[in-house]
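*Asks:* After the sequence you'll find the predicted model.
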Amino acid sequence: MFCALGVRGTGRTMSRRIAAHFGSMAAIRAADADTLAGVDGIGTEKARVIAAELVELAPLLDKLQAQQVGTQVTEPQKPAADGTGTSATSSKKVSGVWVSERCPA
C-alpha cells in the first residue's frame, strides 16, 4: 500500500516487510522513525523519510481508515527465510491489504 501512496523507498517487498513487522496500519502510524528503523532493510535515513511521509499522508490515511481500507490486523511476523519479511501464509493476507500489485518488488 505504501508504494501506491507514493511513499518513497517502499516497493512491494518493503511494504510487505513493514506490514508483517507491525501487523496493523494503526501500529505503523504510531511508530516513530526509530521504531521503523527496526524493520529489516530500513535504515535510519529511510525510516525518517517514511515517518515524515506518513505524517503528511495522515488526512488521506484517516479517510481510508473511515472506509475500513487496510484496517485488517494480523500478528506481527518474523522475517521469512526468503528475505521478503513475510511468511508464505501471511504474505497472501498482508498483500491483499497493504500492497498494490503495481508496485515494484
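*Replies:* Yep, that arrived.

*Asks:* for the protein, what spans make up the strands?
*Replies:* Counting by DSSP state E, one finds no strands in the chain.

*Asks:* Give me the longest helix you can find in it.
*Replies:* Identified as the longest helix of the chain according to DSSP state H is helix 44-56.

*Asks:* mind showing which ranges of this protein have poor pLDDT?
*Replies:* Residues of the chain meeting the criterion pLDDT under 70: 70-105.

*Asks:* Identify the residue nearest D34 in space, chain neighbours excluded?
*Replies:* Spatial nearest neighbour of D34, excluding adjacent residues (CB to CB, 6 or more residues apart in numbering): A47 at 7.2 Å. To be clear about C-beta, it is placed using only N, CA and C from the backbone, and glycine gets the same treatment.

*Asks:* how near is the one you found to M14?
*Replies:* A47 is 11 Å from M14, where distance means CB to CB, to the nearest Å.

*Asks:* Pick out whichever of those two has more residues nearby.
*Replies:* A count of neighbours by other CB atoms under 10 Å puts M14 above the other of A47 and M14, at 25 against 20.

*Asks:* Would you mind measuring from the spatially closest residue to the more buried one that is not a sequence neighbour to L61?
*Replies:* Excluding the flanking residues, the one nearest M14 by CB to CB, 6+ apart is G41, at 6.2 Å. G41 sits 22 Å away from L61, going by CB to CB.
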